[in-house]
Each structure stands twice: as structure tokens, then as C-alpha cells.
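Visitor: Fold the stuff below for me.
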Amino acid sequence: PAEHEDMVLAYVNDRPVYQYQVDIAFERTLGPQGALLADDSTWDKVLESVVATRVLADLAAAQLSDGEHRELEARVQAWREEQLVRQYLADRVTPTPVTSAMVEDYYRRHPEQFGGGERLHYEQLSVAVAGDESLRDRAIAFLGEAADVTDWQALAQQARRGDLPATYQRGEVGQGVGEPALRARLQPMTEGQTSALAFSGGEASMLRLVRRETLAPRPLMEVSDDIRMRLAPVQLRKAVREVMDDAMQDANVRYLQEKD
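Guide: The predicted model follows:
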């Protein structure tokens, strides 16, 4: 390979192909360590590839309309600026390390993410009405009286003997457990309280909150590494924002239209 990066290795349509352009293509194709294993024939093939790419690019450019040329230039400019910004930030951004205090604070504020939080135990009494108006009226009357009944399971069995399609079930909801809509109905309730009648999915139903259970989160020692991984990107974004804010203070920017 030639020793000087600015050495011209070929001309394509009277435009030079430089050594550094071939070097970049070589590294992009074979990787940074490729030069250690490359022989002259390998470099020749890379040079031929660069030349062929230039020929095809010139042919493609000649067929572009003025609008397509502008769009292409805009994309090239955007890519160039992205590369420059990436290098600028890489040279200047130093994120503040995630401290033990940050980890402990995150753990304390988000116990539900580590198996903690609250579990709501409930029972539900429902009747499948499926658009049947007469059945709907019977379900409303039946569920209206259920609030004062303690044993909903027995009540459901009794209703089925009277040809009312009632069902009883027990369950629990919490972080990641149970349907969000069901959890939202139960959340404001106190233990032993019965909800208002609701219609959903062809069913009329009522809920009763049986018990609130407070769950202990996994020990901090077990989840500290996970928390650090979550907080590291936050620290990086803060550092990037500081560099960007400093840069904007020294920049000469004029907006020609008012921002919303």
C-alpha cells in the first residue's frame, strides 16, 4: 500500500481516487485488523471496488432530477452532521457515575419494579348478559342485592339453579399481575368494600376487595446492578444535555419564524 494518504491512485471521470479513500473502504470492508493480513492483491481488489463504486455513483447522479439532487445533498449533510456531533460528544461527554445513594433512592421509590408494591386480593360476582335485555334486568336486580351478602360463591350457585348464568371467582392483581382495568377498579377501594355494578365484555359484574397485601421487594443487594444499568443511560443523557446547553450559549442562532 502507498504510504501517503493524499496519494492519487486512480482517476474516475477526471476526479482523483485518493489513498485515504481506499484505506477507509478497506477498513469498512475488512475491519481495523484487516491490514495485518492483507496482501497486494487484496488492496488491488479494494481499489477496484472503490473505482467501480465511483463509476456507478456518477452514472446514478447523472440521472437525478434537480429535486432528487437537493434531497440527496440534504441527506448527505444530515449524515455528516450526525458524525460530527457523535465525535464532538465522544470527546466532551463524561457522565457522572451512578452512586450508591442514587441506587438506594431509586430502589426506595420503585419497590414495585423489584417484586415489592401491593397485591390486591378480590372476589368477583358476574352474570353473562350478552345483549339480552331481560337477562340484563335480572342481573341488575340480582347483583343489586349481592352487596349485603357475605358468601358470593353460594349466591352464584343459587342463581345458576334459577337459570341465571352467574359466576364467582377469586383472584389477585398487582404490578404486572392482572388486568390494568381490573386493578383500577380495585385500587380506590377499602378492604371489605363492594364496587358499583359495571358492564364489560357482555358481563355485568361486581367486585369485593378482600385484602390488601404489602409485598417486600427483593433485597437491594440482588438488584443493585440492575438499577445501575437503568440509571447509567439517564446520567449519560444529562451529560449530553449539559454539553449541548453549553454549545447553544456560544452559538449564533436566529429563528426566522416563532417557535410554538
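Visitor: now for the longest helix along the chain, which elements pack on it?
Guide: The longest helix of the chain (DSSP state H) is helix 220-249. If contacts are counted by 3 or more Cβ pairs under 8 Å, 6 or more residues apart in numbering; DSSP states H and E, helix 220-249 sits against helix 66-92, helix 100-109. Any C-beta I mention is one placed from the backbone N, CA and C, and that applies to glycine too.
Visitor: from those helices, which stretch is densest packed?
Guide: helix 100-109 (a mean of 14; mean count of other Cβ atoms under 10 Å).
Visitor: What angle do helix 220-249 and that helix make with each other?
Guide: Angle, helix 100-109 to helix 220-249, by axes from the mean of the first three to the mean of the last three Cα atoms, to 10 degrees: 110 degrees.
Visitor: returning to what we had before: adding mean pLDDT and distance to residue 192, write the helices and strands packed on helix 220-249 out as JSON lines.
Guide: Shown next, in JSON lines, are the helices and strands packed on helix 220-249 (pLDDT from 0 to 100; distance: least, Cβ to Cβ, whole Å):
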{"stretch": "helix 66-92", "mean pLDDT": "95", "distance to residue 192": "57"}
{"stretch": "helix 100-109", "mean pLDDT": "94", "distance to residue 192": "30"}
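Visitor: Tell me which of those sits nearest to residue 179.
Guide: helix 100-109 (25.2 Å; Cβ to Cβ).
Visitor: Who are the packing partners of that closest one?
Guide: Using 3+ Cβ pairs under 8 Å, 6+ apart: helix 100-109 touches helix 220-249.
Visitor: re the thing from before, pLDDT averaged over the longest helix of the chain - what is it?
Guide: When pLDDT is averaged over helix 220-249, the result is 93.
Visitor: What residues of that helix count as buried?
Guide: For helix 220-249, burial by neighbour count (16 or more other Cβ atoms under 10 Å) applies to 223-224, 227-228, 231, 235, 239.
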